[in-house]
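J.: Show me how the following folds:
(chains A and B, ligands or ions: 1)
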Amino acid sequence: MPSTQLDFSERDLERFREVQQLAYRCAEETAAWLEPGVTERQAAAELRRRLIAGGVEDFFHVPFAWFGDRTAFRGFRVPFQFFPSNRVLREGMPFVLDCAPIIDGYTADIGYGGRVGENRIWDRLCADLREYRELILRLVREGHALDEIYKQVDALIARHGFDNRHQVYPGRVIGHQVTRQHAIGPKGVTLFGFGIRTLQTLGRELISERLHGRSPLWADKHASAHAPTPGLWAVEPHIGFRDVGIKYEELLVVTGDPANPAYWLDDDLPHVRRWQAMEAA
Amino acid sequence: MSRGDPGRVEADRIVESAGVRLAVYEHGDPGNETVLLVHGYPDTHSVWDGVAALLAESFHVVTYDVRGAGQSSAPRAVRDYRLDLLAADLFAVADAVSPDEPVHVVAHDWGSIQSWEAVTDPGAERRIASFTSISGPCLDHVGHQVRQRLSRPTPGNLRKLAGQLLHSWYILIFQLPLLAPAVWRLWLARRWARVLEKVEGVPPTAGHPAPTLRSDAVRGIALYRANMLGRVGRGARERATGLPVQLIQPSGDHYVTEALTEGVERWAPRLWRRTVQAGHWVPLTHPAAIARMATEFIRHIGGEPASRTLRRSQVGVRRARFADHLVVVTGAGSGIGRETALSFAEAGAEVVASDIDEGAARRTAELVGVLGSRGYGYGLDVTDESAVRDFAAEVTARHGVPDIVVNNAGIGHGGPFLETTTKDWHRVLDVNLWGVIHGCRAFGERMVERGEGGYIVNVASMAAYLPTRDLPAYATSKAAVYMLSDCLRGELDGHAIGVSTICPGVVSTNITRTATFAGAGEAEQGRKRDRATGLYARRNFTPRRVATEIVRAVERGKPVVPVTPEAKVTYLLSRVSPATLRAAAKLEVA
Ligand SMILES: NC(=O)c1ccc[n+]([C@@H]2O[C@H](COP(=O)([O-])OP(=O)(O)OC[C@H]3O[C@@H](n4cnc5c(N)ncnc54)[C@H](O)[C@@H]3O)[C@@H](O)[C@H]2O)c1
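T.: Below is the predicted model:
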C-alpha cells in the first residue's frame, strides 16, 4: 500500500546508497577497461562480471551497453534494439553503460555516459546535463506533478537544441519508482531483459498504484498527472544531439515531508564529480 | 594625333622596349607594392581609370599603353606584335617602375593574353609576384585544349568547341585582309561608344573610348594576325607557371567563355577561379569589384588570410559542400531556423544566427561551434527595418557579405477573419512579411554589390497556397512571401542570386506554443495552443527534416519547395484543382 510518507529507514537508504555506489563503481571500472575494438556485448558482459564479483545477486534489468549513435537510440523501432549488439567501439565514440543490480532486495538503477577519445558534442551534452539534475530536483521539491515536470524537462531540452531520448524507452519514461524487492522465484533469471522478480514486483506496484490513480512510471501521460509519491524514484534524463546521447540515472528520495520534500540519495557520483571538476577548471 | 590634343593624358614616363616607346602612367605611393595593369583591345590604359583610382589607395599602381595603342608608338609590321615582344614590353615596364621588387599583374582581354606569355616565361617569378587574369586566356593553353577536344570529339567536347567558336567570330574576321580595318575606319570607330553602351552596358567615360580609338583598333588587328593561328593551331607550346594565378571570369562575357580556361590548373597549379557578375568590360563597369578581388588576392599572396570567397575559389582543394560560405538565418533560436543553421554548419558553413530572443540565437551559434564550424549569435527583431539594416552592416563588416540568407523568422496566428483585429494583422504581417522584405533588401543589395552571386531562402508555408478560414492573416502573410519570392527571383537572376521559397506543412516546433488565436480568451488561448501542439507533435515531422530540404534547395537552386507530404499534395492540388482547395477552405479544422 503506497503511503504518504517514506517507509524506508535510514538503514534502508544506506543500503540503497551502497548498491548505487557499487553499480557506479563497476560502470566506471568497465568504462576504464573499454577500448576501441570492444563490442557492446563484451562491454555488457564485463559490467555484469564486475557486478557479480561485487556481490550482486539479481538484476532489475540486464546490464546494457550502447556505443556510437546507439547512445542516442537512433533508428530504434523495437525494444529488442536496446539489447547489447555487436557494435564495435571506435575512437571518438560515445558510450552509455546502464545497469540495475539488486542485493538483498535493495535495487539500484544507474546510467553512465562516456566517450573514448575526443568528442566535442559529448562534452557539450555532458556539461549541460547538469541543468536537468538541478531542474528536476527543484520542480519535485516545489510539488509539481510528474507529467508537468516531464514537460518542463522537454522545454529545457528544446531550449538547449537537443532531443529527448528517454521518450524512446518503453512508456516514454524519464523515471520509475524503485521499491525493495520481496519476491519469490529464482534470482538471476530474466525475461525480456527484466528479472523474474522484478516483473513480479513491478506488476504488483503497477496494480496497486493504478488503484490509487497513480503510476510508478514517470512519463508525460495522464497517469503521471500527480506529484511523485514518497519513496525512491530512479530518474534517467537521456538527451541527444545528432548521433550522440548521454544520460545519468540515480535515485531520488521523495520524503513526503514538507520541510525537506526531496533530495538526491547520493551526491558523490561520477557525473556530479565531473561537473565539479569542470567548474573548478 | 599630336601632343596637346584634348582628351589626351600626359604619360608619367616613357619606357623603351625593343625600339618601341611605351607611355607609362603611375598612381599612388611608389613606396607601396606595385600593381601593373595591362589593358586589352581596342582599349588603352584608360580602361583602368576606375580600378587604378581605387587600388592607388593602397598600392603603387602602374598602367601603360601597349604597343600600337594610345600614346605608345606603333610599329608597322604585323610581326612586331608577336606575343614575345609584348611580354618583353611588360617586363621592361616592370623593370622601370619597380626595379627591386616583383610586381603584381592584373590584366584584361589582350592584356591578359600578353601577360600569360610573360607569366609563363621561365624566370618570370623574379619579376612577377602574382597574376590576376580577366577575360584573356593563354593562347597556348587554348591550343592544347582545342587539339584535345578534337582528338576526343565527344558531343560535350564538340559542343564546347562550337560554343567558343560562336563567341569568337570576330577573330576569324580579323584574319581576313582589308575587311576589319575598313569596318573600323569607316564606321565602327565612330559608333564604338554607342555599341559598347548598347551591347555591353558600358557608358562612355572621360578617357574611354580613347580619342585614339580609330588607330588603336586598326593597328591592334595585328595582335590577332600575328598570334592567333600560330598558337591555337599546331604551334601550341607547353607554357606552365608556378606563380599564383587568379582567374576572374565575367559571367556575361560575350567573347571569352569559361570553357576556354577549363583545365588551366594543369599549367598553373596555384590557381584561384572566381566569377564576377558582369560583362566583358568589367574593369569599366565594376571597378570596385575588380579592385577588391585584386586586393584580396595580392594581400593573400603576401601572407594575409584569404577572404571567404577567395578561399572558396582556390582550385584543387577538397572542401565540404558549404565550406567557406557564410549563412545568415533569422529566427534561428528555435525550430526550423535553428535546425537550418545547424544543417548548414554540418555542411561546413559559418553561420550567423539571429533571433528576437538573443539568448536563443547565441545558443544556436554555440551548437554550430559544437558541430565544428563557426557560429555567431545576434539579437534581431526582423520587424524593425533600421535594426535589420544595422544588422546587415554589422554582419558585413565583421564576417563579410553572406552567401546565403534564410529569412525564416515567423509567428503563428489563427482564428476567423471577422475576429482578427487590425493589431493582429499588423503583428502577423510585420514579422512574416515585412521581416522578409527587410531581410531581402538589406542583404540582397550587398550581394548584388559584391558581384559574386548569392542565395536567398524565404520560409513561407503551405498556407501560402492552401486557403483556410482558420488562418486568414497567417496564410495571407505567407502568400505574400511566396509572390514576393517569385518576383525577386526574376530580378536577382541576372546577378546569380538564387531565391527559394520553402513551404513546410505541419512541423513540430515551438510555433504552436507561441501562436495566438483571434477571438479567444486567455484560457481558450492556452487550450488551443495545447491542442495544436499535441496535433503537431503527433504529426511528428521534425524541423531537422525541413532544414535538410532547405540545404538541398540551395544546393540545387530549387525555386519552390513544399516540404512534408501534406504540403506536396496540396501544392499539386492548388495547381490542378484550386476549386477543391477553395471548397475545403470552408471546413473548420482548428
Ligand atoms: N512549424 C510549422 O509547422 C511551420 C509550417 C510552415 C511554415 N513555418 C514557418 O517556419 C518559420 C519558422 O517557424 P518554426 O516553426 O521554426 O517556429 P518557432 O517558433 O520554433 O521558431 C521561430 C523563431 O522565430 C523567432 N521570432 C519570432 N518573431 C521574431 C521577430 N520579430 N524577429 C526575429 N525573430 C523572431 C522566435 O523567437 C523563434 O525563435 C516561420 O516563418 C513559420 O511561419 C512553420
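J.: Centre-most residue in chain B?
T.: Most central residue of chain B, judged by C-alpha distance to the mean C-alpha position with C-alpha atoms, centre = their mean, is residue B:452 at 1.4 Å.
J.: Contacts only, for that one.
T.: Taking C-beta atoms under 8 Å, 6 or more residues apart in numbering or on different chains as the contact definition, residue B:452 lies against B:274-277, B:289, B:309, B:496. All C-beta atoms are positioned from the backbone trio N, CA, C, and that covers glycine.
J.: where's the nearest residue to residue A:191 once chain neighbours are set aside, which helix or strand?
T.: The shortest distance from residue A:191 to any residue other than its chain neighbours is 6.2 Å, reached at residue A:199 (C-beta to C-beta, 6 or more residues apart in numbering or on different chains). Residue A:199 belongs to helix A:196-211 when elements are defined using DSSP states H and E.
J.: How about residue B:111?
T.: In this structure, residue B:111 is located in helix B:110-119 according to DSSP H and E.
J.: same question for that helix, mean pLDDT?
T.: Per-residue confidence for helix B:110-119 averages out to 96 on the pLDDT scale.
J.: ok, the next helix or strand after it: who's next to it in the sheet?
T.: Reading on from helix B:110-119 to the C-terminus, the next helix or strand found by DSSP H and E is strand B:128-134. Under the criterion DSSP bridges, strand B:128-134 sits next to strand B:103-108 (parallel), strand B:245-252 (parallel) in its sheet.
J.: Phi, psi for residue B:517 please.
T.: phi -130, psi 120 (degrees, to the nearest 10).
J.: what about it, distance to residue B:347?
T.: Residue B:517 sits at a distance of 37 Å from residue B:347 (criterion: C-beta to C-beta, to the nearest Å).
J.: end to end, how far does stretch B:346-364 reach?
T.: Distance across stretch B:346-364, first residue to last, is 13 Å (C-alpha to C-alpha, to the nearest Å).
J.: nope, stretch B:554-562 is what I meant
T.: From its first residue to its last, stretch B:554-562 covers 14 Å (C-alpha to C-alpha).
J.: pLDDT on that stretch, on average?
T.: Average pLDDT, stretch B:554-562: 98.
J.: pretty sure residue B:558 is touching residue B:552, no?
T.: Yes - under the criterion of C-beta atoms under 8 Å, residue B:558 is in contact with residue B:552, at a separation of 7.4 Å.
J.: Neighbour count for residue B:517 and residue B:347, which is higher?
T.: In this comparison of residue B:517 against residue B:347, neighbours counted by other C-beta atoms under 10 Å in any protein chain shown, the higher total goes to residue B:517 at 23 against 18.
J.: Against the ligand, how distant is the more buried one?
T.: According to C-beta to the nearest ligand atom, to the nearest Å, residue B:517 and the ligand sit 15 Å apart.
J.: so who does that residue touch?
T.: Contacts were defined as C-beta under 8 Å, 6+ apart; by that measure residue B:517 touches B:413-415, B:524-525, B:528-529, B:590.
J.: Buried residues, the helix holding residue B:111. List them.
T.: Along helix B:110-119, these residues count as buried under the neighbour rule (16 or more other C-beta atoms under 10 Å in any protein chain shown): B:110-119.
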